[in-house]
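# How does the following fold in three dimensions:
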Amino acid sequence: MPDKKRILIIEDEPKIAQILVDFFQMDGFETSVLHDGMHAVDEIRNNEPTAVILDLMLPYKDGISICREVRTFSNVPILMLTARVDEIDRLTGLGIGADDYVCKPFSVQEVVARVKVILRRAEQPAPTTSSLIGYKHVQMDLEKFVCYVDGNQIELSPVEFRLLTAMINKPSVVFSRDNLMRAGYEDDRIVSSRTIDSHMKNLRSKLSQFSETESILHSVYGIGYKIE
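Here you go, the predicted structure:
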């Protein structure tokens, strides 16, 4: 990462964008600006800004779509701007992956301060625990017993959690129903193959509720299931 931090401002109102540029530059940041959402994702992917200020309503592609797409490949800090205070509750509920929200009209000093807080949080050392595993858009914390899809927490039963953990630890490996029985049930109980199929159906449904991409959970005819 370069010594000088760069803020990407994606804001379609030139006056607001320029005010943000002026204040961030006075505080020692480099800045770049986009006035619509058309090339926002490519800019973030290719040039890796230190943080992004992202307006909710943009020409060509809105802030929600941009944020969701960025979160498939980057954890860059994102502060979203919205013109309506009631939108903040809705955005928070959607769990789109933004780090903070500010409502217009805003104090530019507050925006700068909030970005600094986000950056300090992001610069903290990442946990070295091995309890974090993931595959594509699915992440799991084995210590906290939580699962996230595209940054959204989903509720899994203990059996579903153990089944998903076993498969994510070995992507592309085909698990027979017998193997999944042993992975899902710690007391060695005997369950029918239909029970495993039911768990897989529930898992597939839960994993797809917050993701528009193809499911990572696949059935293998006559054998079992795999993550890929």
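
# Tell me how far the nearest residue to Arg114 once chain neighbours are set aside lies from Ala166.
Among residues not flanking Arg114 along the chain, Asp100 sits closest, at 5.3 Å (Cβ to Cβ, 6 or more residues apart in numbering). To be clear about C-beta, it is placed using only N, CA and C from the backbone, and glycine gets the same treatment. According to Cβ to Cβ, to the nearest Å, Asp100 and Ala166 sit 36 Å apart.

# do the same with Ala98
Relative to Ala166, and taking Cβ to Cβ, Ala98 is found at 32 Å.

# Could you measure from the residue nearest the centre of the chain over to Val117?
Residue closest to the average C-alpha location in the chain (Cα atoms, centre = their mean): Gly151, at 3.5 Å. As judged by Cβ to Cβ, Gly151 and Val117 stand 19 Å apart.

# Ile64: which element?
Element membership for Ile64 (DSSP states H and E) is helix 63-70.

# So which elements touch that helix?
The helices and strands touching helix 63-70, judged by 3 or more Cβ pairs under 8 Å, 6 or more residues apart in numbering; DSSP states H and E, are helix 40-47, strand 51-55, strand 78-82.

# tilt between it and helix 40-47?
Taking axes from the mean of the first three to the mean of the last three Cα atoms, to 10 degrees, one finds helix 63-70 and helix 40-47 inclined to each other by 40 degrees.

# Going along the chain, name the strands of this structure.
6-10, 30-34, 51-55, 78-82, 100-103, 132-135, 138-141, 146-149, 152-154, 175-176, 217-220, 224-227 (DSSP state E).

# For the fifth one, which strands pair with it and how are they oriented?
Using DSSP bridges, the strands paired with strand 100-103 are strand 78-82 (parallel).

# now swap in the third one and tell me
According to DSSP bridges, strand 51-55 has the following sheet partners: strand 6-10 (parallel), strand 78-82 (parallel).

# With the shortest one instead?
Here the strand partners of strand 175-176, with direction, are listed using DSSP bridges: strand 224-227 (antiparallel).

# which residues are contacting the partner strand?
Under the contact criterion Cβ atoms under 8 Å, 6 or more residues apart in numbering, strand 224-227 has outside partners 135, 164, 167-168, 170-177, 179-180, 196, 200, 216-220.

# next one: stretch 197-208
Contacts of stretch 197-208 (Cβ under 8 Å, 6+ apart): 138, 149, 154-157, 159-160, 163-164, 177, 180, 184, 215-217, 219, 225.

# Please pick the buried ones from the residues you listed.
Neighbour counting by 16 or more other Cβ atoms under 10 Å classes 138, 149, 154, 156, 159-160, 163-164, 177, 180, 184, 216-217, 225 among the contacts of stretch 197-208 as buried.

# can you tell me which of these lies nearest to Phe210?
Val149 (4.6 Å; Cβ to Cβ).

# burial measure for the nearest residue to the closest one once chain neighbours are set aside, as a count.
The shortest distance from Val149 to any residue other than its chain neighbours is 4.6 Å, reached at Phe210 (Cβ to Cβ, 6+ apart). Neighbours of Phe210 under the rule other Cβ atoms under 10 Å: 18.

# Wait, Phe210 touches Gln153, no?
No: Phe210 lies out of contact with Gln153 (Cβ atoms under 8 Å); the separation is 9.2 Å.

# Can you pull the domain assignment for the protein?
6-122, 132-227 (automatic domain parsing).

# still on that earlier bit, give me whichever of the strands of the chain is most buried.
strand 51-55 (a mean of 25; mean count of other Cβ atoms under 10 Å).
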